[in-house]
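A.B. asks: how does the following fold in three dimensions:
(2 chains)
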Amino acid sequence: MITPLAFDVAHLFAGSLVLVSFMLLYQDRMTGLVNTFALHALVVSFSVAWQAYIQQAPHLYITAAIALGIKAIVIPVVLHRMIVRLGIHRTIEPVVGVGLTMLAGIGLIALSIMVMLPITAQAGTLAREDLAFALSVILLGLLMMISRRNAVSQVIGFMSIENGLILAATGAKGMPLVVEISVAFSILVALIVIGIFLFRIRERFETVDIHLLHEHRGEQP
Amino acid sequence: MMADLFVQFCEMLVVLGLAPLLAGYVRTLKARLVGRRGPPLLQPYRDLLRLIRKEVVLADSASWLFRAAPYIVFAATWVAAALVPTFATGLLFNYAADMIAIVALLASARFMLALAGLDVGTSFGGIGSSREMMIASLAEPAMVMVVFTLSLLAGSTQLSSIAAFMQGPGVGLRVSLAMALVALIMVAIAENARIPVDNPATHLELTMVHEAMIIEYSGRHLALIELASFVKLLLYISIIGCVFAPWGIAVAGQGLEAYLVGLAVYVVKLAVAGLLLALFETAIAKMRVFRYSDFLGSALMLGVLATLLLFVSRIA
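C.D. replies: Sure thing, here's the model as predicted:
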């Protein structure tokens, strides 16, 4: 049985993660977006480390270290350099209707709480709470991917979904370390592939605004 | 009963007495922070006295509403301030009205002020009124969401009960409370016309809001409105203090020493809050009018999020 304080701290980190997901939604500058993503990864690594402490599962510390090292440091640095090389570090991306996106985000959080709390009635309180928040983070990441036009923002939305998955995975006890490590490295590989892909898009269309791709798909947007 | 009444009146007088001092203190600190000497601490009292002695100049087109508004604004703000436990809980008026009533009283004061800004028919007052209403339409829902969060946690909408709950052991570390605190501070900044939203130090700027509404006022009317705005600043700081830093507040039935300690702690809290406000205002630049909706929209979002997250934490 966990103490109220342990639960409160876990709740604090998970709730902050949802909040940072919201902050990602209304960033309109590339640099700010990448920095907020680094904060997102930092919060997720704290959350995992706290889970490792209260579940007394030492391998989760490795997961936290991977999240901290790769996603809070390596990926933001790479993204920063990529943004500078693409020459979009000064561009301000218009976020389509901040108010509407926020309302949709709040609706998604309400939805995930309404869905998760009844169906996980048998699970422990901590797992229930983590699953509800993790679903919110995943849905907010998806919202981010559909509401942005820039390919780099979509990559960040994709990475924030992965952070939500880690939160869900650590909330459930007994996740094997092998799975964690392979997920972390597949994310890194995905970053490299997406990075190459971004440069290919830029070479061909001279922009990373993915709206131009629609014309080549044979259907009118 | 008599003791409660006495404490209530003491509290109302303390609020009225300290409010101009707080305003003067913040002004002096801000002047010092930018390297000027600034006015003396007691300058707001002198300003108020000077305004009261002066003759009232009324525009030809002013109706009775224009003359009545300052009294209504001041009375509503003062009554709202009387409902907030500053240095002692268990106030007599607390049983009659709760936090939602405070929001409503402040809203009616603002409504009267906006009407008065429109009453004379100058375009400048009209701009001020319309901007004030735009701010209000975003700040009030955010404030109400903060009230919901606090009352869901404490099980009561009365500030005394909320303060007692926050002093108790059942609070814990909650992310909802942090969000509610940030949202409340943002609302307080917008409502009191402080720097990122409005500049309280200037009279000649196209983007000003509060000063634009009261530009036609003079004499004792202006004195009342100024005093009401001082009291409003004190009221918001007191709400934040009694909910988020409830230490040292005297509980009803304690001895005289507890009340004196409560008063001393309250003055210290005001001094700290004033210092933070001055630092914040010096460090930040004023926002464009079109960005208000972003600023207050995020306060509203934080309030809604705080309430939503509370439903998850209540399963424990």
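
A.B. asks: when you work out contacts or count neighbours from here on, use the C-alpha atoms and nothing else.
C.D. replies: Noted.

A.B. asks: quick check: residue A:117 vs chain B, distance?
C.D. replies: Residue A:117 is 8 Å from chain B, where distance means Cα to the nearest Cα, to the nearest Å.

A.B. asks: number of nearby residues for the residue nearest to that residue when sequence neighbours are not counted?
C.D. replies: Nearest residue to residue A:117, sequence neighbours excluded (Cα to Cα, 6 or more residues apart in numbering or on different chains): residue A:128, at 6.5 Å. Here the count is done by other Cα atoms under 10 Å in any protein chain shown, and residue A:128 has 25 residues near it.

A.B. asks: okay, residue A:128: pLDDT?
C.D. replies: pLDDT, residue A:128: 80.

A.B. asks: so it touches residue A:120, yeah?
C.D. replies: Yes - look at residue A:128 against residue A:120 with Cα atoms under 8 Å: they come within range, at 6.0 Å.

A.B. asks: quick one, what contacts the residue in the stretch 151-300 of chain B that chain A sits nearest to?
C.D. replies: Using Cα to the nearest Cα, the single residue of the stretch 151-300 of chain B nearest to chain A is residue B:175, 4.8 Å away. Applying Cα atoms under 8 Å, 6 or more residues apart in numbering or on different chains to residue B:175 gives the contacts A:11, A:12, A:13, A:15, A:16, B:306.

A.B. asks: wait, what's in contact with the last one?
C.D. replies: Counting by Cα under 8 Å, 6+ apart, residue B:306 makes contact with B:146, B:149, B:175, B:176, B:177, B:179, B:180.

A.B. asks: tell me which element it is part of?
C.D. replies: Per DSSP states H and E: residue B:306 is located in helix B:292-313.

A.B. asks: pLDDT on stretch B:248-256, on average?
C.D. replies: 76.

A.B. asks: tell me which residues are up against it.
C.D. replies: Contacts for stretch B:248-256 (Cα under 8 Å, 6+ apart): B:4, B:86-91, B:242, B:258-259, B:261-263, B:265-266.

A.B. asks: what's the residue sitting nearest the centre point of chain A in contact with, if anything?
C.D. replies: Nearest to the mean C-alpha position of chain A, by Cα atoms, centre = their mean, lies residue A:160 at 0.8 Å. Residue A:160 is in contact with A:21, A:37, A:40, A:41, A:137, A:138, A:141, counting by Cα under 8 Å, 6+ apart.

A.B. asks: chain B next: which of those are close?
C.D. replies: Contacts with chain B are made by none of those, judged by Cα under 8 Å from any Cα of the partner chain.

A.B. asks: sort out which residues of the longest helix anywhere in chain A are buried, please.
C.D. replies: Taking DSSP state H as the criterion, chain A has its longest helix at helix A:177-205. For helix A:177-205, a neighbour-count test (16 or more other Cα atoms under 10 Å in any protein chain shown) marks A:180, A:184, A:187, A:188, A:191, A:195, A:198, A:199, A:201 as buried.

A.B. asks: now for those: which two are most distant?
C.D. replies: By the measure Cα to Cα, A:180 and A:201 form the most distant pair in these, at 30.9 Å.

A.B. asks: hmm, back to that, can you pick the most crowded of the contacts of residue A:160?
C.D. replies: Counting by other Cα under 10 Å, top hit in the contacts of residue A:160: residue A:137 with 32 neighbours.
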